[in-house]
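A.B. asks: I would like the atomic coordinates for the input below:
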Amino acid sequence: MDLILVAVAPAVLLLLIIYKIDKYNKEPLKLLLLLYFMGMLSVIPVLIVETILGYFNIFRLFDTDLINLYDALVVAGFTEELFKWLIILLFAFRHKEFDEYLDGIIYCVFVSLGFATIENIFYVLEGSYQVAILRAIISVPAHMLFGVTMGYYLSLSKFSLAASNQKKYMLFALIIPILLHGFYDYILMSRFEWLIILFVPFMIWMWVSNIKKLKVFYNDSKFRNQYEQD
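C.D. replies: A predicted model of the protein is given here:
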């Protein structure tokens, strides 16, 4: 039981932080909890699809690091980000409460951390407190950052006036998180040990770039709130 609490805590803490950031036009808690719960449930289809895609990894027939690239980019990155993206499209994208840019990030982070909660429980129960600490510092926040990226582009798609931009940003909302997730996993899975030197710079870049995205939409929310009050 203690391990489960330790596994759940990082995602809950990050959710509280992101919920506090959305202070000018808060989203309905009922909607956010739905997205979090759907993110948790998405583990089921993700595991099924990942198992199927893993079975068809033809690179296992050869002694090549493409095995790891396929597992990182296709099995993990593509599958996990696809289901997060689909959940947002089904439950939030056309919701009446999705009325400002920051909302897209909030929604995607809740879905991402819902998935990360269950995934983290699996890993921690198979590991130890050391695994829990490492994943709390690296893996769970990484899912949040993938969610920020996805939400950023989904909001750009939602509020773009040009149909071409709507389609472009909608595609970006899926493809860019897949690439980020795939590269993140590949660094950790690759046979090329020298790649690990890229991990810290990559994570720093992820944090800096996504904080900038979050700040842009936070400022937009703040401005809208001030404008409405005036």
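A.B. asks: drop to CA atoms for contacts and neighbour counts, all remaining ones
C.D. replies: Noted.
A.B. asks: contacting residues around the lowest-mean-pLDDT helix or strand in the chain?
C.D. replies: Least confident element among the helices and strands of the chain, by mean pLDDT, DSSP states H and E: helix 129-137 (a mean of 85). Contact partners of helix 129-137, identified using Cα atoms under 8 Å, 6 or more residues apart in numbering, comprise 3, 6-7, 10, 120, 123-124.
A.B. asks: Show me which positions of it end up buried.
C.D. replies: Buried residues in helix 129-137, counted by 16 or more other Cα atoms under 10 Å: 132, 135-136.
A.B. asks: one step back: determine which two of the contacts of helix 129-137 are furthest apart.
C.D. replies: Pairwise distances among the contacts of helix 129-137 were taken by Cα to Cα; the largest, 13.5 Å, belongs to 10 and 123.
A.B. asks: Which one's more surrounded, those two?
C.D. replies: Ranked by neighbour count (other Cα atoms under 10 Å), residue 10 and residue 123 place residue 10 first, with 22 against 14.
A.B. asks: what residues are up against the more buried one?
C.D. replies: With Cα under 8 Å, 6+ apart, residue 10 has these contacts: 136, 140.
A.B. asks: so which strand or helix has it?
C.D. replies: Using DSSP states H and E, residue 10 sits within helix 2-21.
A.B. asks: what's near enough to touch residue 108?
C.D. replies: Listed by Cα under 8 Å, 6+ apart, the contact set of residue 108 reads 84-85, 88, 147-148, 150-151.
A.B. asks: Also residue 168?
C.D. replies: Counting by Cα under 8 Å, 6+ apart, residue 168 touches residue 157.
A.B. asks: mind checking how far the nearest residue to residue 93 once chain neighbours are set aside is from residue 2?
C.D. replies: Distances taken as Cα to Cα, 6 or more residues apart in numbering put residue 158 closest to residue 93, at 7.5 Å, once the chain neighbours are dropped. Per Cα to Cα, to the nearest Å, residue 158 is found 41 Å from residue 2.
A.B. asks: quick one: the helices in this protein?
C.D. replies: Per DSSP state H, the chain carries helices over the ranges 2-21, 29-41, 43-55, 66-70, 79-91, 101-126, 129-137, 139-159, 163-189, 199-229.
A.B. asks: From what I see, residue 78 and residue 176 are in contact.
C.D. replies: No - look at residue 78 against residue 176 with Cα atoms under 8 Å: they stay out of range, at 10.2 Å.
A.B. asks: Same drill for those two, tell me which one is more crowded.
C.D. replies: Under the criterion of other Cα under 10 Å, the comparison of residue 78 against residue 176 puts residue 78 first, with 22 against 17.
A.B. asks: which ones are touching the more buried one?
C.D. replies: Applying Cα under 8 Å, 6+ apart to residue 78 gives the contacts 178, 182.
A.B. asks: What's the per-residue pLDDT of it here?
C.D. replies: Looking at residue 78, its pLDDT is 98.
A.B. asks: Same check on the one 10 residues further on?
C.D. replies: Note for residue 88: predicted pLDDT of 98.
A.B. asks: do the one 10 residues further on as well
C.D. replies: The predicted local confidence for residue 98 comes out at a pLDDT of 96.
A.B. asks: Next one: it from residue 143, what distance?
C.D. replies: Relative to residue 143, and taking Cα to Cα, residue 98 is found at 22 Å.
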